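**Q** got a sequence here, can you model it:
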Amino acid sequence: MTRYSHTQRSRWLAFIAVPFGLLMVGIAVFGEPVPGPVRAAFIAVALVFAWIMVNFSRLSVEVTHEIVVRFGTRWPRRTIDPSAITATRVVRNSPWYGWGIRWIRKGSLWNVWGLDAVELDLTNGRRFRIGTDEPDELLAAIRALIGAS
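**A** Just a heads-up that it's a prediction; the model follows:
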C-alpha cells in the first residue's frame, strides 16, 4: 500500500563527480610512475570517492504505513513512525545548508539537490527535513498518512 514513492537524483554527480572521477583515473593511469602501494592507495581513495558520489546522488522517499527516507544504496536510511510527527510544512532551505546529511538548527536535513524540503516536527522536539523536488506531493502524502494513523 504505497501512498507515495519518489527518487530524486542529484545533478551534481554529472557536473562534479564524473569529471573529478575521470581526472583521478587519468592521473592513476597516465601520471608519473609511483610505487605500487602509493598507486593502490590512490585507486582505493578514488573508489571510495566514487561510491560516496553514487550513493549520495539519489534520495528515495516512500510513504506507506511509515516514512522511509534513504540514499542510493539503501544506506543511510531513516524510518519515521507517523505517530512521532507533530507538524509538517514545506520549507525552503538556505543555500548554505548544502547537500547530503546536514545538521541544522533543531534537527537534520537529508538532501541531494535544490532548496525545497518538507519539514517534520517530531515528538522528541527535533526537526527532520526531507529535501525534495516534489514538496507539495510529499507533504500531501505525509499529511494523509498522519490523518489515517
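
**Q** now do the same contact list for the residue of the chain most remote from its centre.
**A** Among the C-alpha atoms of the chain, the one most distant from their mean position (Cα atoms, centre = their mean) is that of Pro33, at 37.6 Å. By Cβ atoms under 8 Å, 6 or more residues apart in numbering, the contact set of Pro33 is empty. To be clear about C-beta, it is placed using only N, CA and C from the backbone, and glycine gets the same treatment.

**Q** so it is in which element?
**A** Using DSSP states H and E, Pro33 falls within no helix or strand.

**Q** and Asp121, how close does it get to Gly21?
**A** 39 Å (Cβ to Cβ, to the nearest Å).

**Q** mind saving the C-alpha coords of the lengthiest helix in the chain as PDB?
**A** Ranked by residue count under DSSP state H, the longest helix found in the chain is helix 36-55. The C-alpha trace of helix 36-55 is given here as PDB (Å, rounded to 0.1, in the frame of the first residue of the first chain):
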ATOM      1  CA  GLY A  36      52.800   0.200  -6.200                       C
ATOM      2  CA  PRO A  37      51.500   0.800  -2.700                       C
ATOM      3  CA  VAL A  38      51.000   4.500  -3.400                       C
ATOM      4  CA  ARG A  39      49.200   3.800  -6.600                       C
ATOM      5  CA  ALA A  40      47.000   1.200  -4.800                       C
ATOM      6  CA  ALA A  41      46.100   3.700  -2.100                       C
ATOM      7  CA  PHE A  42      45.300   6.300  -4.700                       C
ATOM      8  CA  ILE A  43      43.000   3.900  -6.500                       C
ATOM      9  CA  ALA A  44      41.300   2.900  -3.200                       C
ATOM     10  CA  VAL A  45      40.600   6.500  -2.400                       C
ATOM     11  CA  ALA A  46      39.200   7.000  -5.900                       C
ATOM     12  CA  LEU A  47      36.900   4.000  -5.500                       C
ATOM     13  CA  VAL A  48      35.700   5.200  -2.000                       C
ATOM     14  CA  PHE A  49      35.100   8.700  -3.500                       C
ATOM     15  CA  ALA A  50      33.100   7.100  -6.400                       C
ATOM     16  CA  TRP A  51      31.000   5.100  -4.000                       C
ATOM     17  CA  ILE A  52      30.200   8.200  -1.900                       C
ATOM     18  CA  MET A  53      29.300  10.200  -5.000                       C
ATOM     19  CA  VAL A  54      27.000   7.500  -6.400                       C
ATOM     20  CA  ASN A  55      25.400   6.700  -3.000                       C
END
